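In: Sharing a model prediction with you, sequence too.
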Amino acid sequence: MNGSQRIPILKVGRVLVVPVQVDMDDQTVIGLQERILSELERTGARGVLIDISLLEMVDSFIGRMLSDIAAMARIMDARTVVVGIQPAVAITLVELGLELRGVDTVLNVDEGIKLLRAEFGAYGADDDEDDEFQGEWHSFGESRHHA
Amino acid sequence: MESRAITLESEHDIVVARGEVRAMAVALGFRLIDQTRLATVASELARNIVKYAGRGQVIAQPARHADGREGLRLIFEDSGGGIPNIEAAMRDGFSTGRGLGQGLPGSRRLAHEFEIESSAERGTRVTVVRWI
């Protein structure tokens, strides 16, 4: 089994939320990259939010994976935000010489959602399954019922 | 604390190496940022061995500086074909593989001491030390 299956990819509105909670070997990283891209295609999501707040280390391989995901997602018309980089990880990344090119980073999931929402307007306007995150999305003349 | 040797021959061993090195750094009393630096160095240099030499090992050993400070020394060794052009390999952005070419120069910046010996006959040995 692909080790990346242990990492959930949650669709929340038009955003794929990817909480990375385990240290990943290289194959797991590659598997996760492929899964995110196929989920983008399958769901038509416009944003990818990768939460790495539990990652204690980001080396050049994982850093490159994050840049690659952002570049590939952009080609598929989706924006990528990486949230929750620990201070020690940020310092190490810079000393290592990694810039995380093309990746937007924010401090927490809230900020990440704000940024993605600003990017494509409504957050999750196309589904009924995402009511929890729809606080600021309203459509005139439509009444939404929270089942 | 005793030295530890970790065999490096698969991608999984890279994860094991960085985990073990971090655990030793914690036990020696390194602060969080230095634990992270050491785990990252371990990951970069262990990957170089698995990727380029196929197999080798890392020895992690407690060290003591002449001024009394404690530290951790990591010795990465393999008997692969060596690095033909070390000077180029130490430059940022140089890579013959799929990496970003940050492994060696990045690791040098994350450590206090960094030494590399490499030849086609004897393979490569990279020694790094970080003091507390």
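Out: Cool, the structure landed. Because the structure is a prediction, the values reported are computed rather than measured. Residues are numbered from 1 along each chain as shown, chains lettered A, B, ... in the order given.
In: So the longest helix out of those in chain A, near chain B or not?
Out: The residue-count maximum for a helix in chain A (DSSP state H) belongs to helix A:26-43. Yes. Contact of helix A:26-43 with chain B (Cβ under 8 Å from any Cβ of the partner chain) involves A:26-27. (Each C-beta comes from the backbone N, C-alpha and C, glycine too.)
In: which is the next helix or strand following that helix?
Out: Later in the chain than helix A:26-43, the nearest helix or strand by DSSP states H and E is strand A:47-51.
In: That following strand relative to helix A:26-43, how many degrees between them?
Out: Using axes from the mean of the first three to the mean of the last three Cα atoms, to 10 degrees, the inter-axis angle of strand A:47-51 relative to helix A:26-43 is 150 degrees.
In: Can you name the element that comes right after strand A:47-51?
Out: helix A:60-75.
In: Buried residues in the following helix or strand past that following helix, which are they?
Out: Using DSSP H and E, the next helix or strand after helix A:60-75 towards the C-terminus is strand A:79-83. In terms of neighbour count (16 or more other Cβ atoms under 10 Å in any protein chain shown), strand A:79-83 has its buried residues at A:79-83.
In: One more: stretch A:109-117?
Out: Judged by neighbour count (16+ other Cβ under 10 Å), stretch A:109-117 contains these buried residues: A:109, A:112-113, A:115-117.
In: now do stretch B:28-42
Out: Here stretch B:28-42 shows B:28, B:30, B:33-42 as buried, counting by 16+ other Cβ under 10 Å.
In: export stretch B:110-118 as PDB, just CAs?
Out: Output in PDB follows, covering the C-alpha atoms of stretch B:110-118 (Å, rounded to 0.1, in the frame of the first residue of the first chain):
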ATOM      1  CA  LEU B 110      23.700  23.900   9.400                       C
ATOM      2  CA  ALA B 111      26.800  22.500  11.200                       C
ATOM      3  CA  HIS B 112      29.700  24.000  13.100                       C
ATOM      4  CA  GLU B 113      32.200  21.700  11.600                       C
ATOM      5  CA  PHE B 114      32.100  20.100   8.200                       C
ATOM      6  CA  GLU B 115      34.600  17.900   6.500                       C
ATOM      7  CA  ILE B 116      34.400  15.900   3.300                       C
ATOM      8  CA  GLU B 117      36.800  13.300   1.900                       C
ATOM      9  CA  SER B 118      36.000  11.500  -1.300                       C
END
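In: got any ranges where chain A has weak pLDDT?
Out: Under the criterion pLDDT under 70, the flagged ranges of chain A are A:1-2, A:121-147.
In: Quick check: residues of it near chain B?
Out: A:23-27, A:56-61, A:63-64, A:86-89, A:91-92, A:95-98.
In: Can I have the buried ones of these as a ChimeraX selection?
Out: A single ChimeraX command is used to select the members of the residues of chain A next to chain B judged buried by 16+ other Cβ under 10 Å:
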select /A:23,24,25,26,56,57,58,59,60,61,63,64,86,88,89,92,95,96,97,98
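In: Let me know the closest of the buried residues of strand A:79-83 to chain B.
Out: residue A:82 (16.6 Å; Cβ to the nearest Cβ).
In: Surely that closest one touches residue A:66?
Out: Yes. Between residue A:82 and residue A:66 there is a contact under Cβ atoms under 8 Å: 5.8 Å.
In: So for those two, which residues contact both of them?
Out: Residues touching both residue A:82 and residue A:66 by Cβ atoms under 8 Å, 6 or more residues apart in numbering or on different chains: A:50, A:100, A:103.
In: Show me what the worst-scoring helix or strand of chain B on mean pLDDT packs onto, helices and strands only.
Out: When each helix and strand of chain B is scored by mean pLDDT, DSSP states H and E, helix B:86-89 comes last, with a mean of 81. Packing contacts for helix B:86-89, counted by 3 or more Cβ pairs under 8 Å, 6 or more residues apart in numbering or on different chains; DSSP states H and E, involve no helix or strand.
In: tell me the angle of the helix or strand following it relative to helix A:60-75?
Out: Note on helix B:86-89: by DSSP H and E, the next helix or strand toward the C-terminus is helix B:103-110. Here the directions of helix B:103-110 and helix A:60-75 differ by 120 degrees (the same axes, to 10 degrees).
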